[in-house]
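# Generate coordinates for the sequence data below:
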Amino acid sequence: MNRKKNITLLYFFVIVQLSVGVIFNSNAQNPSGKLKISLIHTVNSHLLRLNDSVYRNDFNETYKITKLKYYLFNFKLNDIPLYSKEGKYLLVNAEKNENVIEFEKINNGSYSSLSFEVGVDSADNCSGAQTGALDPLNDMFWTWNSGYVFFKLEGTSPYSTGDLNRLEYHLGGYKGEDALITKINLTNIDELGNPASIPVAGKKETEVTIALNLDCFWKDGKVSIKQNPICVSPGKNAKKIAACFSSLFSIKSIINH
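Numbering: from 1, shown residues only. Got it, this is the predicted structure:
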């Protein structure tokens, strides 16, 4: 009887040791890394300054920017979804000193692409006013349209025919042909112009800085201030301007801490 008991105990300890070994082995092979994404904004080869700086667009029109806000969501590395405790959406506001979203528990490795979407998905557009990044107090909710503004750009220009020379682009729309949700797929390019990986190392934080180049808004959206100073509702005009979304963003730098 004692011999059987001893054999049973021996088997038990062997199984426990093997299980622990497998767990530690798995963690060693796939350590958990962190990813931090920061957004910056550039225009005319300089960092964007709201209210007091004068810029010039591709149509040789001068302007000032007073507001720039937009939604990003559905972040992925190599089509692998990333999840943040900060919530589903990042509401980027150029008025803030920092626009950051952080992700944890990412498998160690080298990734070839980073993607996300500009806008708010149709389900959340149809759910009415919400909380967090989608709170109406963030001034991004169209109450008359029961949907959200995806991208908001405001300012002034002597070339604007709007009242008080205002610029106002409130771009959004999630229904049918008016849908503006745009997927952005970014790759890392090294100093020599060659494709490079996005590394995520266990127990380290990878910080990716993404730049939005406002020059592309006018150039790729074919937006002349004189001809089109205001667009504040979904439709063909908003769709035409939003064509610039896919070229607005690029990876500026990657740092491993």
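
# Show me what stretch 246-257 is in contact with.
Stretch 246-257 is contacted by residues 40, 114, 182, 184, 186-189, 198-199, 201, 204-214, 216-217, 220 when judged by CB atoms under 8 Å, 6 or more residues apart in numbering. For glycine as for every other residue, the C-beta is placed from the backbone atoms N, C-alpha and C.

# Return the distance of the most centrally placed residue in the chain relative to Ser224.
What sits nearest the mean C-alpha location of the chain, by CA atoms, centre = their mean, is Leu72, with 3.9 Å. Per CB to CB, to the nearest Å, Leu72 is found 27 Å from Ser224.

# ok, back up a step: spit out the contact partners of the residue nearest to the centre of the chain.
Leu72 neighbours (CB under 8 Å, 6+ apart): Leu39, Tyr89, Leu90, Val92, Ile101, Phe116, Glu117, Val118.

# Now do the same for the residue lying closest to the second one once chain neighbours are set aside: helix, strand or coil?
Computed as CB to CB, 6 or more residues apart in numbering, the closest residue to Tyr89 that is not its neighbour in sequence is Ala133, at 4.0 Å. Under the three-state scheme (DSSP: H, G, I helix; E, B strand; the rest coil), Ala133 adopts helix.

# Do I have it right that Ala133 meets Val92?
No - counting by CB atoms under 8 Å, Ala133 stays clear of Val92, with 9.7 Å between them.

# Pull up the overlap in contacts between those two.
Common contact partners of Ala133 and Val92 (CB under 8 Å, 6+ apart): Tyr71.

# can you list contacts of the strand or helix carrying Lys152?
For Lys152, the element it lies in under DSSP states H and E is strand 151-156. Identification of contacts with strand 151-156 by CB under 8 Å, 6+ apart yields 63-71, 118-119, 139-140, 164-172, 180, 217, 242, 245.

# all helices in this structure, in order from the N-terminus.
Secondary structure of the chain (DSSP state H): helices located at 2-29, 122-125, 215-220, 236-241, 245-248.

# Report the helix or strand with the lowest average pLDDT across the protein.
Here the helix or strand of the chain ranked lowest by mean pLDDT, DSSP states H and E is helix 2-29, holding a mean of 41.

# Since that was my last question, I'll sign off now.
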